[in-house]
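Undergrad: Show me the folded form of this:
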Amino acid sequence: MVLCLCLQAEAKIDRKTVVRRNCPVVTAPDVLSSLSVGNGGFAYTVDITGMQTFPEVYRTGVPLGTMSDWGWHAFPDTAGYAPSETWVTRDFGRGHEEIYAAQFKTPGRRQQAADYFRVNPHRLHLGLLGLDLGGDTARITGARQRLDMWQGRIDSRFAYDGKPYRVTTVCHPDKDMTAARIVSKGGAAVVLRLPYPTGGHADDACRLDAASDALHSTAIVAQGRRSVLLCHTLDTTKYWIRLAWEGKARLQRTGRNAFRLTTRQDSLTVTCQFSPGSILSENPSFGETIEAAARHWTAWWNGGGMADFSRCTDERAAELERRVVLSQYLLAVNDAGDTPPQETGLTYNSWFGKMHLEMIWWHQACFALWGHPEILDRSLSWYRTVLPQARNIARRQGFKGARWMKMTDPWGGEAPSNVGSYLIWQQPHLIYLAELLYRAHPSAGLLARYNDMVQETAEFMADFVTRDAEGGRYVLRGCIPAQETLKADSTVNPPLELSYWHLGLSTALKWRERTGMPDCPRWRDITDSLSPLAAGEDSLYLAAESMVNTYHNIRLTSDHPAVVGALGMMPECPLVDKPTMRRTLYWILKHWNWDKTWGWDYPLVAMTAARLGLPDKAVDVLLADRRTNTYLPNGHNYQDARLRVYLPGNGGLLTAVAMMCAGWDSSEGDCPGFPKDGRWNVEWEGLRPMP
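TA: Just a heads-up that it's a prediction; the model follows:
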């Protein structure tokens, strides 16, 4: 029998070939096939023309966003709302009242305050830069567009009304700047439109109508022969744009917030830089930008992990490789900034552009496992800036330590929610991710940078549990688990959270040893006495100890199958019985309401299957033919008409594949997550095992 071949440190995969055979090619206008260039903290998404020419057409697909980590805005608070107006007091039997930021069904000021703080602040669309062709994609013919992921550039060819165009698009790796070269005989025209935000829950954040145009303004700060510096003002928000061009061209102001650049020459090269502060230096040229991007992306692909599926004979292997390579690119474009990403990255807004901290594990853990821990370090460092707010939340609820918010913004605001405010599984993420950084590069400096946050997180976790006086065990209650269909006032001992509490506190104790801190006997007592996972009469693990009818309630078998994460996402621990988890996994694979799942649920289940020694099931679920496990031609994980982009699915896929290749701490042999049937001869290098 041919074993799964895993070439590790000594292997030399032809990385360029792997990447380039998976570069997407688009041959017709397709609103779900938009392509992006970016640098992790800034991204520019284009249509079939290689620019943002048809934003109205693509609005309902993968929108044409220009977004950044720093570009945020808030509508004026004319009513003077205070966060305290959204607070409600709850008593979950922990001996003190707890104050949470909530939403309200009854109309009135409190509902209005909660609505305001959910919408504000929101992420900005910084500006649309496209060709001036009109709005009819039906007049496009002969299109061929290719994203060269190895060099970070998009090459587009097409004709509009029979006139040929060639466009090359790229993003500068160190500046928030896009650059494009347009070649078209007889000239071309480019338009720059600066929109006003919508404040919408999930949309392209673009209002371009006349009424909205009056709400903001763009000033010409300085103008030269081949560049113009603009200042865009939206209420109290300001940012700057430098539009520059090479060759002979004419700039016209066509509106309060719109400009048109035209040339009669056969080639027009433009660069457009965005900044939260005034741009004092000239833009790098197009040539400099395309060279810098090529260096950056070549170094990116050569510097991290790689998996090559070309020697696999399973007919699904090529598709898995495509998803893996495209997910690496998309996360590097959208998720590699200095704040935790939103679920739709820098492509378009979801949940008003805010970050969901329970999802940071799914966005960012893969970077450490795929040889890029420095990317994880960027966003995890952000936690320090919001540590005071996390302490305040814990204090307001009567707890010690720091309680991390769920739905938030770069300044750590807590968006009111009747679900998010009660979630707890985002708490141990900081500990888990800091441990991944330490495993990648153990150092006293890293311990010094993160240990106080690790300890304060663990302090909250230890204070949050309650001791059952009768059984002498510790219990988790008064929370909403990862399976969000459960209610805070009736949920006791959700399984994923129990395992995560065990891992989080155990890891925090290791950090105390590493840094010379004294032991914490109470934390050890909690880890030794946490409640084991609860099983029902059918010997299947329950969604929570309190949910005895788990497998007879369609509501409970929809949403995330989070129960299996207790052994899969989490390593083995004394709270989990593997035979019971195996029975639970088989039931979920056969009976779960998979049409109600999310993109990260598939890698979640795959990791459990791998740890249980069921690699064939791991592969099957990772490639399951389900709507929320769809990966578009551009690599985005499609969920539904609202979430056409869902990066936690991409990140989860990479995490699961890293685990299936490199294994985990207690695994044995090569590629333990892939079947040993001769069909999965996976070559990999530069990957790290999971805990």
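Undergrad: rest of the way, CA atoms for contacts and neighbours
TA: OK.
Undergrad: OK, contacts around T628?
TA: By C-alpha atoms under 8 Å, 6 or more residues apart in numbering, the contact set of T628 is 595, 597-599, 637-640.
Undergrad: Check what pLDDT it gets.
TA: Per-residue pLDDT puts T628 at 97.
Undergrad: Could you break the protein into its assigned domains?
TA: 30-71+126-301, 304-334+593-691 (automatic domain parsing).
Undergrad: Just give me how far the first one sits from the chain centre.
TA: Pointing back at domain 30-71+126-301 there. Mean-position distance between domain 30-71+126-301 and its chain equals 23 Å (C-alpha atoms, centre = their mean, to the nearest Å).
Undergrad: That domain - what's its average pLDDT?
TA: Rounded mean pLDDT across domain 30-71+126-301 is 97.
Undergrad: Kindly report the same for stretch 383-394.
TA: Averaging pLDDT along stretch 383-394 gives 98.
Undergrad: Could you give me the buried positions within that stretch?
TA: 383, 386-387, 389-394 (16 or more other C-alpha atoms under 10 Å).
Undergrad: need the strands for the stretch 151-300 of the chain, in chain order.
TA: 153-160, 163-171, 177-183, 188-193, 202-203, 216-223, 227-234, 237-246, 250-255, 258-263, 267-275 (DSSP state E, counting those that start in this stretch).
Undergrad: what would the domains of the chain look like in CSV with distance to R15?
TA: Below are the domains of the chain laid out as CSV (distance: least, C-alpha to C-alpha, whole Å):
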stretch, distance to R15
domain 30-71+126-301, 7
domain 304-334+593-691, 7
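Undergrad: and those domains, which is most packed in?
TA: Most buried of the domains of the chain by mean neighbour count (mean count of other C-alpha atoms under 10 Å) is domain 304-334+593-691; its value is a mean of 22.
Undergrad: mind checking the end-to-end distance for that one?
TA: Chord length of domain 304-334+593-691, first to last residue, is 19 Å (C-alpha to C-alpha, to the nearest Å).
Undergrad: Run the chain-centre distance for it.
TA: Centre-to-centre, domain 304-334+593-691 and its host chain are 16 Å apart (C-alpha atoms, centre = their mean).
Undergrad: out of the domains of the chain, which comes closest to F399?
TA: Closest to F399 of the domains of the chain, according to C-alpha to C-alpha: domain 304-334+593-691, at 28.9 Å.
Undergrad: show me what contacts N650?
TA: N650 makes contacts with 323-324, 327, 331, 363, 599-600, 636-637, as judged by C-alpha under 8 Å, 6+ apart.
Undergrad: Which of the residues you listed fall in helices?
TA: Those of those mapping onto helices are 323-324, 327, 331, 363, per DSSP state H.
Undergrad: Can you tell me which of those residues comes closest to G673?
TA: Nearest to G673, judged by C-alpha to C-alpha, of the ones in helices among the contacts of N650 is V324 at 15.3 Å.
Undergrad: so which helix or strand takes in the residue nearest to that closest one when sequence neighbours are not counted?
TA: Take V324 and drop its neighbours on the chain: the residue closest to it by C-alpha to C-alpha, 6 or more residues apart in numbering is L654, 6.3 Å away. L654 belongs to helix 647-662 when assigned by DSSP states H and E.
Undergrad: same thing with D625?
TA: D625 belongs to no helix or strand when assigned by DSSP H and E.
Undergrad: for it, what are its contacts?
TA: So D625 contacts nothing (C-alpha under 8 Å, 6+ apart).
Undergrad: Now distance to L503 and pLDDT too, for the contacts of T628, in a markdown table please.
TA: Formatted as a markdown table, the contacts of T628 follow (distance: C-alpha to C-alpha, whole Å; pLDDT from 0 to 100):
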| residue | distance to L503 | pLDDT |
| --- | --- | --- |
| D595 | 31 | 89 |
| T597 | 26 | 95 |
| W598 | 25 | 97 |
| G599 | 24 | 98 |
| N637 | 29 | 98 |
| Y638 | 32 | 98 |
| Q639 | 31 | 97 |
| D640 | 34 | 96 |
